[in-house]
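[1] quick one, structure for this:
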Amino acid sequence: SVHLVESGGGSVESGGSLRLSCVFSGYDSAKKFLAWFRQAPGKEREGVAYIGFGGGVTVYADSVKGRFTISQDNAQNTVYLQMNSLKPEDTALYYCAAGGLLLDSSSYSFWGQGTQVTVSS
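    Numbers count the residues shown, from 1 in each chain. Got it, this is the predicted structure:
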């Protein structure tokens, strides 16, 4: 299996920045396909960003393109989500996931516990 632990969430004002981190360990093949998802209260889980093949492929949700950047440090076994120009609608619980396909949440078998991001206007 794969173990994932997120950190870096917090409260910021609109226009601010945060960097989320997710340390992963375990099944090597699953670590080639990593993604960030988020879920706001009363809403479905939404794919935010995906990184595959150690960084060779990245995919972003339209809602975060140009503002968020996903990256991976294999030496540190960590995947990051740099979030800039944050908006109140970015407020959600953010999850790291491994071993799935692009931004299809149903395809992921391994999930972290989540880290809360709150953006105030």
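[2] CA atoms for contacts and neighbours, from now on please.
    Fine.
[3] can you give me the strands for this structure?
    Counting by DSSP state E, the chain has strands at residues 2-7, 10-13, 18-26, 33-39, 46-52, 57-60, 68-73, 78-83, 92-98, 110-111, 115-120.
[4] these into TSV, with extra columns for mean pLDDT?
    As requested, the strands of the chain are arranged in TSV below (pLDDT from 0 to 100):
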stretch	mean pLDDT
strand 2-7	94
strand 10-13	98
strand 18-26	95
strand 33-39	97
strand 46-52	97
strand 57-60	96
strand 68-73	96
strand 78-83	97
strand 92-98	97
strand 110-111	95
strand 115-120	98
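[5] quick one: closest of these to Asp104.
    Nearest of the strands of the chain to Asp104, taken as C-alpha to C-alpha: strand 46-52 at 7.0 Å.
[6] the closest one packs against which elements?
    Judged by 3 or more C-alpha pairs under 8 Å, 6 or more residues apart in numbering; DSSP states H and E, strand 46-52 is in contact with strand 33-39, strand 57-60, strand 68-73.
[7] quick one, what contacts the residue nearest to Glu13 when sequence neighbours are not counted?
    With sequence-adjacent residues excluded and distances taken as C-alpha to C-alpha, 6 or more residues apart in numbering, Glu13 is closest to Ser120, at 4.8 Å. The contact partners of Ser120, by C-alpha atoms under 8 Å, 6 or more residues apart in numbering, come to Ser11, Val12, Glu13, Ser14, Lys87, Pro88.
[8] neighbours of the fourth one, just the number please.
    This means Ser14. 17 (other C-alpha atoms under 10 Å).
[9] number of nearby residues for the nearest residue to Lys32 once chain neighbours are set aside?
    Residue nearest to Lys32 in three dimensions, not counting chain neighbours: Phe53, with 5.0 Å by C-alpha to C-alpha, 6+ apart. Using other C-alpha under 10 Å, Phe53 has 13 neighbouring residues.
[10] cool, and Glu44?
    Neighbourhood size, Glu44 [other C-alpha under 10 Å]: 9.
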